[in-house]
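**Student:** 3D, please:
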Amino acid sequence: MATLNTQGISLYYELLGDPARPPVLLVSGLAGVGKSWGPQIRRFAEKYLVILPNQRGTGQTTHAENGYTTQQLAADLAAQIEHLALGPVHVVGSSTGGAIGQYLALNHPAILTAAELKRRERENLTAALARTGGKIFGPTGAAALLGMKPTTVISRLKALGLERNQSSGKRA
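**Tutor:** I've put the predicted structure just below:
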């Protein structure tokens, strides 16, 4: 049981398992506490060092005076991983924890395992393209959705082999 003072809050977390094993960050859903993972914690701790945070305003983590965003929650966890010097880590997110994991991948890629980051980005972007018929993922739409510059979106899509062929409109 420990806390980290970061970005105007005191972030409560627990570390469980063998420190010599690969680290995994379990991120609960909206307003979740780490213990909400229940019996899964023990199972993960058999093979990983489990990092179990309480999000802003939940459990033993303090409330922020200026509200919460998914990006802010990701920034909190990135600061925690950097403070603990445990990166890169695997991230497992449930519900909103999955969205927080996506912002970790987009805004703090150095703290995630490279293979996991690439697979998650590809799966998430491919699923979003399929759900929206590709309409939302023009560079401007994707940039607005992700809070990024259109050129950043284009370069990441190209790196993942998901860019659209400009002449046919189909993915390459």
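
**Student:** residues of the biggest strand by length in the chain that come out buried?
**Tutor:** When the chain is parsed with DSSP state E, its longest strand is strand 9-16. Neighbour-count burial for strand 9-16 flags 9, 11-13 (criterion: 16 or more other CB atoms under 10 Å). (C-beta placed from N, C-alpha, C; glycine too.)

**Student:** and that strand, what does it pack onto?
**Tutor:** On a contact count with 3 or more CB pairs under 8 Å, 6 or more residues apart in numbering; DSSP states H and E, strand 9-16 meets strand 2-6, strand 49-53, helix 70-84.

**Student:** Sheet partners, orientation included, of that strand?
**Tutor:** The strands beside strand 9-16 in its sheet (DSSP bridges) come out as strand 2-6 (antiparallel), strand 49-53 (antiparallel).

**Student:** can you redo those strands as JSON lines with mean pLDDT, mean neighbour count and distance to Thr152?
**Tutor:** JSON lines is the format used below for these (pLDDT from 0 to 100; neighbours: other CB atoms under 10 Å; distance: least, CB to CB, whole Å):
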{"stretch": "strand 2-6", "mean pLDDT": "78", "mean neighbour count": "14", "distance to Thr152": "25"}
{"stretch": "strand 49-53", "mean pLDDT": "93", "mean neighbour count": "24", "distance to Thr152": "27"}
